[in-house]
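J.: here's a sequence, model it:
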Amino acid sequence: MRVTLVISIIGILFQTGGMAQCSKDLEKHETYNTGPIIETKDIVFHAPTITNNKDISVVVKDTSRLYIHFDLTYGTWRVGSKVDFKFKSGAVASTYITKWESESTGSYSVKRYDCQITSRDDLDLFYLEEVNKITVHGVGRTFSLSGRKAKKFNQYFKCAANTVGVENVNFKPAIKSAPDPYVDNTIVVSFGNNNTESTYSDIDCEYEKNQVDEFTGKKTTITKMKTWGDNLQGQLHLVDNKTFINVYYKGALGCSNVESYIIIKFMDGSTLKLMNLAKEDCGENPMLKVDITNNISILKVRDIEKIRVGYSDAHADVSIKDPDYIRGVLNKCL
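T.: The predicted model follows:
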């Protein structure tokens, strides 16, 4: 009933919203053989200095796909990073950065990032409600929109949607851009996030063990075993200032030994291979244990798409059901 009502409301709004009334809100409205190219004016949502702006707008491109578009004159985000838009009602629409590009003119440079709207439900939220917070998980930051800017952004979103026509929006996921080559040359330690609890509010810190030795001061933490994907369970283990991932695959892939491994594929397409440290085990569902201590800065900012587990006889590729789970646990729980 609610979905039918929302669709009816949107239909009425589109009939009465007409693109003619919003042409002043558009920077670009062109037609190509690949479909319309529409771009709204932008809104500055973060400007710590005159030369360090972050802008938000709405674009339609790539055969009528609809994107929330960001321009950054300083800093680097990442393809595959999760971006949450929180509305005044408390509702949240989650997207991922799908595309990026950069442009330099003399000493001035700008990086552009696109988050695709991939469902009608999310389109309805943006159309009917005002965004007041934007959380970019890859940098651990939440940005706020003032009431005036929230109204203006909602106006721009409606304009872009009206111009392309909601019935013409292509929700099929676009092909992701290649990773930003500058990111892996940057050591990520902390992003100064002062709102960790709310940023990772969907992550529950559940432990098998979480204690500090009263004589040595050493901390030992083992998270509860969680299902990460089909036939795959995992946990994080902190001991002696080292952090490990333990995974168990339910299936006949052979033994775990010194040649066993896991390969993590991130949402941005990059990969990380880690060798098994657990003792040889040819029993049922043997454990793989990998040391992530030197890669925590990467794992704290990247969402995981898939994990390959390699045993003595075969390997298996598993899609991860919660792409931001490990990142959230590392930031919030360990």
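
J.: where does V301 sit: helix, strand or coil?
T.: Classification of V301 by DSSP: H, G, I helix; E, B strand; the rest coil places it in coil.

J.: all numbers from here: first residue = 59
T.: Yes, from this point I'll number from 59; that puts the last item at V359.

J.: just to check, it is in contact with R385?
T.: Yes - if you go by CB atoms under 8 Å, V359 and R385 touch, sitting 6.8 Å apart. Any C-beta I mention is one placed from the backbone N, CA and C, and that applies to glycine too.

J.: between those two, which one's more packed in?
T.: Taking other CB atoms under 10 Å, V359 and R385 do not tie; R385 has more neighbours (25 against 22).

J.: surely the more buried one meets S355?
T.: No - using CB under 8 Å, R385 is not in contact with S355, being 11.1 Å away.

J.: tally of neighbours for the closest residue to D83 other than its chain neighbours?
T.: Excluding its sequence neighbours, the residue lying closest to D83 (CB to CB, 6 or more residues apart in numbering) is C217, at 4.4 Å. Other residues lying near C217 total 23 when counted by other CB under 10 Å.

J.: doesn't C217 belong to a strand?
T.: No - assigned with three-state DSSP, C217 falls outside any strand and is helix.

J.: wait, what's in contact with it?
T.: Applying CB atoms under 8 Å, 6 or more residues apart in numbering, we find C217 in contact with M77, C80, D83, L84, T98, V116.

J.: those residues in strands, which ones?
T.: Secondary structure defined by DSSP state E assigns L84, T98, V116 of the contacts of C217 to strands.

J.: report the rounded mean pLDDT for the host helix or strand of F143.
T.: Using DSSP states H and E, F143 falls within strand 140-145. For strand 140-145, the mean per-residue pLDDT is 94.

J.: and what of stretch 221-241?
T.: Averaging pLDDT along stretch 221-241 gives 85.

J.: leaving out the residues flanking it, which one is nearest to V137?
T.: D326 (4.2 Å).

J.: return the distance of that neighbour relative to G292.
T.: 21 Å (CB to CB, to the nearest Å).

J.: show me what counts as buried in stretch 269-282.
T.: Residues of stretch 269-282 classed as buried: T279, I280, T281 (neighbour count, 16 or more other CB atoms under 10 Å).
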